[in-house]
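Student: pasting the sequence and the predicted model now:
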Amino acid sequence: MNRSRTTSGRRRVQTDSGAAEERLDATPERLVRAREAGEHASRDADRVRRMLDPFDVMRANRVLAPHDPRLNDLRWIIGEQLRRTHARARLDSLRAVAPDRIGMTGYGPRPGLPQTEAALHARDKLRAAEERVGPAAWPILTRIVIEGGAVRDCRGYVPELATPWRADAVITDRLRVALDLIGGLMGIARGKDPGA
């Protein structure tokens, strides 16, 4: 009797740890994006998923806030919320309508768009984020966070800087500022530190 109780306890622990791994694993959208980028998502000996999404690598290397781990994680959460908002907006299915023309039809249903309230709300939130961030940082934010590009892929957005490391520094700074600007809009407010 004791032996069966121990065996069932081990099974329950293994089942619980399997469920926890399932919840903490990469989302299906992220796996698809990694596959489209030509990356191979695999598990190592510790059964940890390894993918090289540049924005996630920036978080792991504390590039988003080098001297403040909490701010680093907070900026990554804001970026992850932007990814989810973009996915809810279903902009990938819109090929015939320019994103800057969405919502300019006035009252009534918007032609060519899915009629779900969540998608419309997400598009409105993306438009507000674009206005808040501005034209200098919005392409950088979308390229790195939403499209999964690297910082070096955004060097064309700062053509006035010819030195690659200076361009990378400016791009990273614009990304940080943009994430800070849209934090409240994404529903993630930066609280005050209790020690401050």
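Tutor: Happy to help now that I have it.

Student: correct me, but L91 touches R123?
Tutor: Yes. Assessed by CB atoms under 8 Å, L91 is found in contact with R123 at 7.2 Å. All C-beta atoms are positioned from the backbone trio N, CA, C, and that covers glycine.

Student: who's more crowded, the two?
Tutor: Each of L91 and R123 has its neighbours counted (other CB atoms under 10 Å); R123 has more, 23 against 18.

Student: where does this structure have low pLDDT?
Tutor: 1-27, 30, 37-51, 92-115, 190-196 (pLDDT under 70).

Student: could you list the domains of it?
Tutor: What the record gives for the chain is the domain set 1-50, 53-196, from automatic domain parsing.

Student: can you name the residues that contact R176?
Tutor: 64-65, 75 (CB atoms under 8 Å, 6 or more residues apart in numbering).

Student: just the ones of those in helices?
Tutor: R75 (DSSP state H).

Student: got a winner among the contacts of R176 for most neighbours?
Tutor: Busiest of those [other CB under 10 Å] is R75, holding 25 neighbours.

Student: any chance you could map the strands in the protein?
Tutor: Along the chain, counting by DSSP state E, strands occupy 42-43, 49-50.

Student: just the CA trace of stretch 134-147, in CSV.
Tutor: Below are the C-alpha coordinates for stretch 134-147, written out as CSV (Å, rounded to 0.1, in the frame of the first residue of the first chain):
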residue,chain,number,x,y,z
GLY,A,134,6.5,58.8,-33.4
PRO,A,135,7.8,58.2,-36.9
ALA,A,136,11.5,57.9,-35.9
ALA,A,137,11.0,55.0,-33.4
TRP,A,138,7.9,53.2,-34.7
PRO,A,139,9.7,51.4,-37.6
ILE,A,140,12.4,50.3,-35.2
LEU,A,141,9.9,49.1,-32.6
THR,A,142,7.9,47.1,-35.1
ARG,A,143,10.9,45.6,-36.8
ILE,A,144,12.5,44.4,-33.6
VAL,A,145,9.5,43.5,-31.4
ILE,A,146,6.8,42.4,-33.9
GLU,A,147,8.8,41.2,-36.9
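
Student: contact partners of that stretch?
Tutor: 54-55, 58, 79, 82-83, 86, 129-130, 133, 149-151, 153-154, 157, 171, 174-175, 177-179, 182.

Student: list the buried residues for it?
Tutor: Residues 137-147 are the ones in stretch 134-147 that count as buried (16 or more other CB atoms under 10 Å).
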